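Trainee: Quick one, fold the following:
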Amino acid sequence: MGTETSSVDISEPLLVDSHGNEEKEEYLREEVPEWKEQITIRGLVVSAVLGTLFCIITHKLNLTVGIIPSLNVAAGLLGFFFVRTWTGFLTKMGFFTKPFTRQENTVIQTCVVACYGLAFSGGFGSSLIAMDQRTYELIGPDYPGNRAEDVKNPGLGWMMGFMFVVSFLGLFSLVPLRKVMVLDYKLTYPSGTATAMLINSFHTKTGAELAGNQVRQLGKYLSISFCWSCFKWFFSGIGDSCGFDNFPSFGLTLFKNTFYFDFSPTYVGCGLICPHLVNCSVLLGAIISWGFLWPFVSEHAGDWYPADLGSNDFKGLYGYKVFISIALILGDGIYNLIKIILITIREMWRTSSKQLPVVTEVQDDENSQLQSEEKKREEVFLKDRIPTWFAASGYVGLAAISIATIPIIFPPLKWYLVLCSYILAPALAFCNSYGTGLTDWSLASTYGKIGLFIIAAAVGQNGGVIAGVAACAVMMSIVATAADLMQDFKTGYLTLSSAKSMFVSQLIGTAMGCVIAPLTFWMFWTAFDVGSPDGPYKAPYAVIFREMAILGVQGFSELPKYCLEMCGGFFAAALAINLLRDVTPKKFSQYIPIPMAMAVPFYIGAYFAVDMFVGTVILFVWERLNRKDAEDYAGAVASGLICGDGIWTIPSAILSIMRIDPPICMYFGPSTSS
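Mentor: Numbers count the residues shown, from 1 in each chain. Just a heads-up that it's a prediction; the model follows:
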């Protein structure tokens, strides 16, 4: 769900082989509850609590660095922990409780992912706040194409309304194709399969024991992270220059170039979850930009651009940072979009032209058992049908409401442009869902950026910026939720969960997200100085997305000297690096960096890259000392670090709203004698 996801090689036989013989037989004998029984009150309560927590974490990451690691493991693990604790407590009190099944666990995970997914795909850290007054002022009132009329500040009412009218369309767009994608094409959906493996393992004797140990590790590091974040707050003073977040770990010279360790449990946790290659790519991008490129460009102040400009003026160094980041992001996104479309076409052609030979095969016990398990999964998956007419009428009805409503919220985005978007959306949703099934790579943000450029250019100077970023939010929401739903269908298929319960739980989770995601964002908006380049929540993608819309309307008219040439070079470099990754043997390509990950520190700074690299070093050493323990517990430890820091955001926001400032400012700087 973030800027990058790693491709995981997981197949269904691996899932099946993970059971022992005894557990396989238990799996076959298991009585599958009716779809209504899979959705429980206790499950929905747990989903709402976890959805709120994960929305806060997602907003925090979105408004700081924009890299969102997958929290599916944490959702499944915490869902298991909360319900097991709940049922255990009630049993000790003498109350009867229904058994906690893998199907209920799957429903909880689906609800939570659908809920916090909207915190990312809804555009709260990018397209929606690209419209606000602060972003407009950062770019500058005199900047061509940046009009005062193209400002719409966040409002709780209109954001909730916007979420409700756009977030459900993606769910109805691909429901009729669930059998084709999951059973006929047998798409892997690596994250969905991995989540199913996790949930299936929880509901075995050995897996439940491991899950208990993982929960203990998660709780331990959640407590440590929360207490550390609370401790740091006391020394953080007023403003953004105090506290451990500004400790010059590698000396004052590197500190000026943002190279320091800021003791953030969230970013260290991200480093533990994200693949080594992503973390190293982020650090490489930080070294290239803040170690060499920006100091080199700064030396030409007064020649390439006026020397007396402010630090956030687009006609100076700030312009290079933003536009080169955009060039890398677009180069990587366009390459992977074309690649996945070509892979999709090739695989569909292979599937349609494949002729299955008739082979008489002697079935041994193991093959027979595998076939029995597959047959049972298919029976459960196809048992509770979702009528095609229901999906089609739902899509048309929701599209009609949305076409009538969105122009009221965003007047420059005319009804016929929304209609055209919804005509094209199912095809784009299919491409994204199919590509995600093959590669585990969702390109929702890329489809959103393409929609942004097309709509901004079509509308022109009179409202093109607002229309472009709004269209981006619409398109991202549709293609992201469609891919998430198909991913969940795969998880449900492998955990013997009803397709209908998956669809209903996705609807419920999305409805929760339409309320919880705006509310949790509003907490950040009212408590903190969101969007300030000198604050903790810089909202980097707000500026980038607004600049993209201005580019779609105006072109490259006001870039500083040599900036366009550098952008072209980095755009070509992103294409070349991706091509090199694909044509090079895997034993070498695993060391070639990812351009999208490299782009993030170009604009934000190097400090979070250092934190993530610390996380990846800890994981690397842990894997060398005890690989099994690292595989079993790294995700739980990382989730604990991220969740603890995320939970501290709530009391921190309350203190900020009450105007209670930290009592101490601990400042690190040069001594007076030097």
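Trainee: Who are the packing partners of the one helix or strand Ile654 maps to?
Mentor: Secondary structure from DSSP states H and E places Ile654 in helix 627-657. Counting contacts by 3 or more CB pairs under 8 Å, 6 or more residues apart in numbering; DSSP states H and E, helix 627-657 packs against helix 41-62, helix 72-92, helix 205-233, helix 265-273, helix 499-527, helix 607-625. Every C-beta, even on glycine, is put in place using the N, C-alpha and C of the backbone.
Trainee: so which of the ones you listed comes closest to Phe168?
Mentor: helix 499-527 (6.0 Å; CB to CB).
Trainee: can you give me the offset of that closest one from its chain's centre?
Mentor: Here helix 499-527 is found 15 Å from its chain centre; the criterion is CA atoms, centre = their mean, to the nearest Å.
Trainee: tell me the mean pLDDT over that helix?
Mentor: The pLDDT scores in helix 499-527 average 95.
Trainee: tell me which residues in it are buried?
Mentor: Neighbour counts using 16 or more other CB atoms under 10 Å place 499-518, 520-525, 527 of helix 499-527 among the buried residues.
Trainee: need the contact list for Asn246.
Mentor: 240, 255, 260, 262, 667-668 (CB atoms under 8 Å, 6 or more residues apart in numbering).
Trainee: Try it again at 7 Å.
Mentor: Phe668 (CB atoms under 7 Å, 6 or more residues apart in numbering).
Trainee: so where is this structure shaky, pLDDT-wise?
Mentor: 1-29, 351-370, 439-441, 557-558, 672-674 (pLDDT under 70).
Trainee: Now do the longest helix anywhere in it: which elements does it pack against?
Mentor: When the chain is parsed with DSSP state H, its longest helix is helix 317-353. The elements that helix 317-353 packs onto, with contact taken as 3 or more CB pairs under 7 Å, 6 or more residues apart in numbering; DSSP states H and E, are helix 294-298, helix 415-439, helix 444-459, helix 540-554, helix 563-583, helix 595-604.
Trainee: swap the cut-off to 10 Å and go again
Mentor: In this structure, helix 317-353 makes packing contacts with helix 133-139, helix 294-298, helix 415-439, helix 444-459, helix 540-554, helix 563-583, helix 595-604, judged by 3 or more CB pairs under 10 Å, 6 or more residues apart in numbering; DSSP states H and E.
Trainee: tell me the most buried of the helices and strands packed on helix 627-657?
Mentor: Greatest average neighbour count among those goes to helix 265-273 (a mean of 28), per mean count of other CB atoms under 10 Å.
Trainee: what's it packed up against?
Mentor: On a contact count with 3+ CB pairs under 10 Å, 6+ apart, helix 265-273 meets helix 41-62, helix 72-92, helix 205-233, helix 276-286, helix 607-625, helix 627-657.
Trainee: Tabulate these in TSV, adding columns for distance to Ala301.
Mentor: Output for the helices and strands packed on helix 265-273, formatted as TSV (distance: least, CB to CB, whole Å):
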stretch	distance to Ala301
helix 41-62	32
helix 72-92	45
helix 205-233	35
helix 276-286	22
helix 607-625	23
helix 627-657	36
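Trainee: out of these, nearest to Thr195?
Mentor: The closest of these to Thr195 is helix 72-92. By CB to CB, the value is 5.0 Å.
Trainee: Just want the angle from the closest one to helix 41-62.
Mentor: Relative orientation of helix 72-92 and helix 41-62, computed by axes from the mean of the first three to the mean of the last three CA atoms, to 10 degrees: 150 degrees.
Trainee: Please tell me how far stretch 96-105 is from the chain's geometric centre.
Mentor: The gap between where stretch 96-105 is centred and where its chain is centred comes out at 29 Å by CA atoms, centre = their mean.
Trainee: quick one on the thing from earlier: in the helix holding Ile654, which of the residues would be classed as buried?
Mentor: Going by neighbour count (16+ other CB under 10 Å), the buried part of helix 627-657 is 630, 633-649, 652-653, 656.
Trainee: do stretch 450-467 as well
Mentor: Buried residues in stretch 450-467, counted by 16+ other CB under 10 Å: 450-459, 463-467.
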